[in-house]
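Novice: show me the folded form of this:
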Amino acid sequence: MNICLIKLAVERIIIVGGGIAGVSSALNARKQNQENEIILIEKEKHAGYLRGNLPYIISDNIRNYYDMVPTVDYLIKNRINVHLSSFVKKIDLNNKKIIFLGPEKHERVLNFTKIIIATGTMPIKLNVKGRELNNIFELKTIEDAIRIKENIMKNRKVVIIGGGLVALETSEVLLKKGCKVVIVSPEKEVLYKIFDENFGQIIREKIEKSEIEVITENKVKEFYGKGKVEAIETEKGIIPCDYLILALGVKPNTDLAKEAGIPLGKYEGIIVNEEMKTKKEDVYAAGDCVEYTNFITNEKTLIQTTTLALQGGEIAGKNAAGGNEKIGKIISNICAKIFGSEIASIGITCREAKNFKKEILVIDTVFNKDEAYIKLIFDRENKKLIGAQLICKRAATWGNFLALAIIKEVKIDEIAYFCNSYSPFLGEPIAPIVMVAKKIMDSIG
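Specialist: Numbers count the residues shown, from 1 in each chain. Sure thing, here's the model as predicted:
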């Protein structure tokens, strides 16, 4: 009896980017295959930390910043070769190799079998005169957060440019540190990308009650100062300041992918299918640098959340290592707690529905007893839930419930007659979202 032993070739999977998506890709590639060589390359000194924590590193409540940073020990334990403080210069798909610089700045070349792009985002730049002045900060890395914490002092005036979640969370932290804060946003309202204007206005009014000045629809023209920033000129006038934080948001970090010939989409993100494959053979991508197919609109879009980065990384890692997984239905699902209020935005806004030419049924309801604001958005044609906005207690919990309702294509009447649990200590006999759905039912007869 002849026995033929065939040794399978060991593949090398390289992951470019060590954020949440990159680390998830690496660990799941190892989980899928115990033999492959897995290499992770990250340009920062740390890998796998949650960027949503950055505003809170500035807070005095956190004494040891690096407690918030995972070590690479677990990656190494899983036989993942980690290169930190390393910069990938080029991806050569034709010859399946990358060129990168390690911490010592020596150029190195590595061949690969499969590659996963998880390069995340880069800050949107504000190219105005005076950008080189001191005391101007961004908030993208742990080092940025530490720099802000160590430099910004109590009783100083800080201008934050931007009206997104990072800008608002940072403003709250700095207010608690004793700073005078002004928010300047070019958008019509704060949180303009994830909330409709009326809900953004409610949030802005809550912020202003904390004595933070908010100036919307105001673009920056120039920074002034001798050596360090002393004032900014905007369309609505000059604002003196001691410090400036740029928080205009982020865009996909895809220059490397573009140079390699990997196709990008409408929003400059890498196009992937449900298996997280790009349009190039043996090339996968995951995280905030990717354009996903939105379940509601069926179009490619950017949905940059931690959970999606984790799940996208999981699928990319498993499939690059020989798996056959597919990512689930994708919608936007965002929550936060700012200035004492829980907020959540799920699915698409009324503004987005209009852009996609969807006729909608929508009700905004205020429950004064609990100071709750709830909006449900339904597709007029099929009566299915497509969006929701909440400012209320347990907003994140109800937001997750509504996100599942969207994915399961739940209709108005199913929410209107949903029997929620009840306890006099935990809520009302009829949940607010049920009451809003009933109001929509009444409006259509």
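Novice: quick check: buried residues in the longest helix along the chain?
Specialist: Ordering each helix of the chain by length in residues (DSSP state H) puts helix 306-320 first. By neighbour count with 16 or more other C-beta atoms under 10 Å, helix 306-320 contains the buried residues 308-320. Every residue, glycine included, has its C-beta placed from N, CA and C.
Novice: how many degrees apart are whichever helix or strand comes after it and helix 306-320 in direction?
Specialist: Downstream of helix 306-320, the next assigned helix or strand under DSSP states H and E is strand 333-338. Our comparison of strand 333-338 with helix 306-320, counting by axes from the mean of the first three to the mean of the last three C-alpha atoms, to 10 degrees, yields an angle of 140 degrees.
Novice: could you pull up the residues touching the closest residue in space to residue 365 that isn't next to it in sequence?
Specialist: Using C-beta to C-beta, 6 or more residues apart in numbering and skipping residues adjacent in sequence, the residue nearest residue 365 is residue 436, 4.8 Å away. With contacts defined as C-beta atoms under 8 Å, 6 or more residues apart in numbering, the neighbours of residue 436 are 363, 365, 374-376.
Novice: check the gap between residue 436 and residue 395 for me.
Specialist: Going from residue 436 to residue 395 by C-beta to C-beta, to the nearest Å gives 14 Å.
Novice: most neighbours out of the contacts of residue 436, which is it?
Specialist: Among these, residue 376 has the most neighbours (other C-beta atoms under 10 Å), with 27 neighbours.
Novice: phi, psi for it please.
Specialist: Dihedral pair for residue 376: phi -120, psi 140, per degrees, to the nearest 10.
Novice: pretty sure it contacts residue 410?
Specialist: No - between residue 376 and residue 410 there is no contact under C-beta atoms under 8 Å: 10.8 Å.
Novice: shared neighbours, those two?
Specialist: In contact with both residue 376 and residue 410: residue 385, using C-beta under 8 Å, 6+ apart.
Novice: so where's this protein uncertain?
Specialist: Scanning the chain for pLDDT under 70 picks out 1-9, 63, 368-370, 445.
Novice: next one: the helix or strand containing residue 172 to chain centre, how far?
Specialist: Using DSSP H and E, the element containing residue 172 is helix 165-176. Centre-to-centre, helix 165-176 and its host chain are 17 Å apart (C-alpha atoms, centre = their mean, to the nearest Å).
Novice: try stretch 275-288
Specialist: Worked out by C-alpha atoms, centre = their mean, stretch 275-288 lies 19 Å from the chain centre.
Novice: next, the buried residues of it.
Specialist: Neighbour-count burial for stretch 275-288 [16+ other C-beta under 10 Å]: 275-278, 280, 282-288.
Novice: residue ranges of the strands in the stretch 201-350 of the chain, please?
Specialist: Under the criterion DSSP state E, counting those that start in this stretch, strands of the stretch 201-350 of the chain are mapped to 213-215, 220-224, 231-234, 237-240, 243-246, 250-252, 270-271, 283-285, 290-293, 300-301, 333-338, 341-347.
Novice: got the buried residues for the fifth one?
Specialist: Buried residues in strand 243-246, defined by neighbour count with 16+ other C-beta under 10 Å: 243-246.
Novice: got the contact list for it?
Specialist: By C-beta under 8 Å, 6+ apart, strand 243-246 touches 123, 126, 135-139, 148, 151-152, 156-162, 167, 170, 223, 229, 232.
Novice: quick check: can you list the domain ranges of this structure?
Specialist: Per automatic domain parsing, the domain ranges recorded for the chain read 12-122+251-320, 125-248, 333-444.
Novice: quick check: which of these is nearest to residue 327?
Specialist: domain 12-122+251-320 (4.8 Å; C-beta to C-beta).
Novice: what's near enough to touch residue 372?
Specialist: 366, 390-393, 432.
Novice: so how do I select the buried members of those in ChimeraX?
Specialist: Here is the ChimeraX selection string for the buried members of the contacts of residue 372, based on 16+ other C-beta under 10 Å:
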select :390,391,392,432
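Novice: just the ones of the contacts of residue 372 in helices?
Specialist: residue 432.
Novice: which one of the contacts of residue 372 sits closest to residue 20?
Specialist: Checking the contacts of residue 372 against residue 20 with C-beta to C-beta, the nearest one is residue 390 at 25.1 Å.
Novice: bridge partners for the closest one, pull those for me.
Specialist: residue 344, residue 374 (DSSP bridges).
Novice: quick one: it and residue 364, what's the gap?
Specialist: 11 Å.
Novice: from the buried residues of strand 243-246, pick the one nearest residue 85.
Specialist: Nearest to residue 85 among the buried residues of strand 243-246, with distances taken as C-beta to C-beta, is residue 246, at 23.8 Å.
Novice: any idea how far residue 226 is from the closest one?
Specialist: With C-beta to C-beta as the criterion, residue 246 and residue 226 are 20 Å apart.
Novice: next, count neighbours for residue 167.
Specialist: Neighbour tally, residue 167, other C-beta under 10 Å: 24.
Novice: show me what contacts the residue nearest to it when sequence neighbours are not counted?
Specialist: In this structure, residue 167 finds its nearest non-sequential neighbour in residue 247, 4.0 Å apart by C-beta to C-beta, 6+ apart. Contacts for residue 247 (C-beta under 8 Å, 6+ apart) come out as 138-139, 160-162, 164, 166-167, 170.
Novice: thinking again about what came up before, what would the buried residues of strand 243-246 look like in CSV with distance to residue 268?
Specialist: Supplementary listing: the buried residues of strand 243-246 in CSV, determined by distance: C-beta to C-beta, whole Å:
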residue, distance to residue 268
243, 30
244, 26
245, 24
246, 20
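Novice: which single one of those is nearest to residue 95?
Specialist: Distances from residue 95 to the buried residues of strand 243-246, taken as C-beta to C-beta, are shortest for residue 246 (38.8 Å).
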